[in-house]
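Chemist: Any chance you could fold what I've pasted below:
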Amino acid sequence: MMLMLSATVSATPVSEHGRLSVKGTNLVDSKGKKFQLKGVSTHGIAWFPEYVSKASFQSLRDKWGANTVRLAMYTAEYNGYCTGGSKNKTTQKKKVMEGVKAATDLGMYVIIDWHVLSDQNPNRYKKEAIAFFKEMAQKYKNQKNVIYEICNEPNGNVSWKQIKSYAQDVIKAIRKIDKNAIILVGTPTWSQDVDIAAKSPIKGYSNLMYTCHFYAATHKASYRKKMETAVKAGLPVFVSEFSICEASGNGGVNKTEANKWMSLLNKYNISYAAWSLSNKNETCSLLKSSCNKKSGWTANDLSETGKWLVTTMKGSLVKGGTSGNSQTDKKPSTTKPSTTKPSTTKPSTTKPSKTKSVKASKKYCTVSVKKDGSWKSGKRYYTLYRVTLKNKSKYNISN
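Modeler: All right, here's what the predicted structure looks like:
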């Protein structure tokens, strides 16, 4: 007796692409193929902790087309990790861990962002940064999906030399524990001067990338030229934060400039994360300020920026609904029908016998499982497995 079964198991971005690495200027997957991370950054997790959840992230993955999420942990303002006291530090760290677990459960990539902003110079809290990233590296060194962003936006009169010195010390601490994870390094002037970093990149380590941030209504052709100059010089660039409004996070959107940016990112296989997953009353928020949902958002819940992003990432803008509370929308199954041909085995002509029947077990049966292919349908990933159960005995199998 031989029984053929086919089953589909939904693949995820991480199960499909595995551990990422840097090759030249490109992010590549475990098979060495170019891969682009597309995702969303939270706002400060101390300010908007309610969006750090599996339900929220699943909506980003299944409805918006995201394969990564960035956890923005402010170091100074908004009850910052380094300024809010020991209890707050514990709370923030716990929230980061919750976010990593949620992303991991969903097979998404996740960026742990040390969100330098008002503290300007990352060296100000370098001791705290080293301790934090050593702890994170120890906890996640065996995971394939965790990325470390060690300084969000150095600014003020902070030079690349100062940032580089800080980065070398933090990277050294991480690499003693985690040899493989991608590490993102901020650049001068709110992570805009990637061309300056390209002239003197950090040596001696692999899997490093350098961040470029832009707000499309403010940062236009001259800033794109800076990024392109860096890439052409051989610098691996990652856009870990951007939006389509002004640099203030407010003002009008500029979709024309935003689309020019996206064309350039796609041209050079540059990964990106959009700011921000929140309902804060500002233009860069991806949700309307009137939206109280934490997941399952429809088109009516999204801001103009949010709608643009979902369309850009080729997600699904579900119509209808209100801005009240709701469970995550269920997506109709898009499972491919099995392509297994109907059995052509001729009906048995053997006369009924008195052969005894036995229960299926390893003693009497062999089971083999073969991956028969994988595919992407809409925003879901599927894998087809062929399961073969074979009777190796002279007995009938009763169940």
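
Chemist: And what about the spatially closest residue to I130 that is not a sequence neighbour, helix, strand or coil?
Modeler: Spatial nearest neighbour of I130, chain neighbours left out: A173 (4.7 Å); criterion: CB to CB, 6 or more residues apart in numbering. Every residue, glycine included, has its C-beta placed from N, CA and C. Three-state call for A173 (DSSP: H, G, I helix; E, B strand; the rest coil): helix.

Chemist: so A173 touches M136, yeah?
Modeler: No: A173 is beyond contact range of M136, at 10.5 Å (criterion: CB atoms under 8 Å).

Chemist: between these two, which one's more packed in?
Modeler: The neighbour comparison of A173 against M136 (other CB atoms under 10 Å) goes to M136, with 22 against 18.

Chemist: Can you give the distance of the helix or strand where that one lies from its chain's centre?
Modeler: Assigned by DSSP states H and E, M136 belongs to helix 126-140. Computed by CA atoms, centre = their mean, to the nearest Å, the chain-centroid distance of helix 126-140 equals 20 Å.

Chemist: Check which helices and strands it sits against.
Modeler: Judged by 3 or more CB pairs under 8 Å, 6 or more residues apart in numbering; DSSP states H and E, the packing partners of helix 126-140 are helix 86-105, strand 109-115, strand 146-149, helix 160-175.

Chemist: Centroid-nearest residue for this structure?
Modeler: Nearest to the geometric centre of the chain sits T68, at 1.1 Å (CA atoms, centre = their mean).

Chemist: give the contact list for it.
Modeler: Applying CB atoms under 8 Å, 6 or more residues apart in numbering, one finds that T68 lies in contact with 13, 37-40, 103, 108-111, 147, 271, 273.

Chemist: Sketch out the low-pLDDT regions of the protein for me.
Modeler: 1-9, 320-359, 362, 364-365, 368-390, 392-399 (pLDDT under 70).

Chemist: If we ignore the residues flanking it in sequence, what's nearest W261?
Modeler: A216 (5.7 Å).

Chemist: these two touch, right, the one you found and I244?
Modeler: Yes: contact criterion CB under 8 Å: A216 and I244 qualify, at 4.5 Å.

Chemist: which residues are in contact with both of these two?
Modeler: Common neighbours of A216 and I244 (CB under 8 Å, 6+ apart) are 253-255, 257-258.

Chemist: and those, which of them are in strands?
Modeler: Among the shared contacts of A216 and I244, no residue falls in strands (DSSP state E).

Chemist: Narrow those residues to those in helices?
Modeler: 255, 257-258 (DSSP state H).

Chemist: These into TSV, with extra columns for distance to G24 and neighbour count?
Modeler: Output for those, formatted as TSV (distance: CB to CB, whole Å; neighbours: other CB atoms under 10 Å):
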residue	distance to G24	neighbour count
K255	31	17
E257	28	20
A258	27	22
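
Chemist: Kind regards, and thank you for your time.
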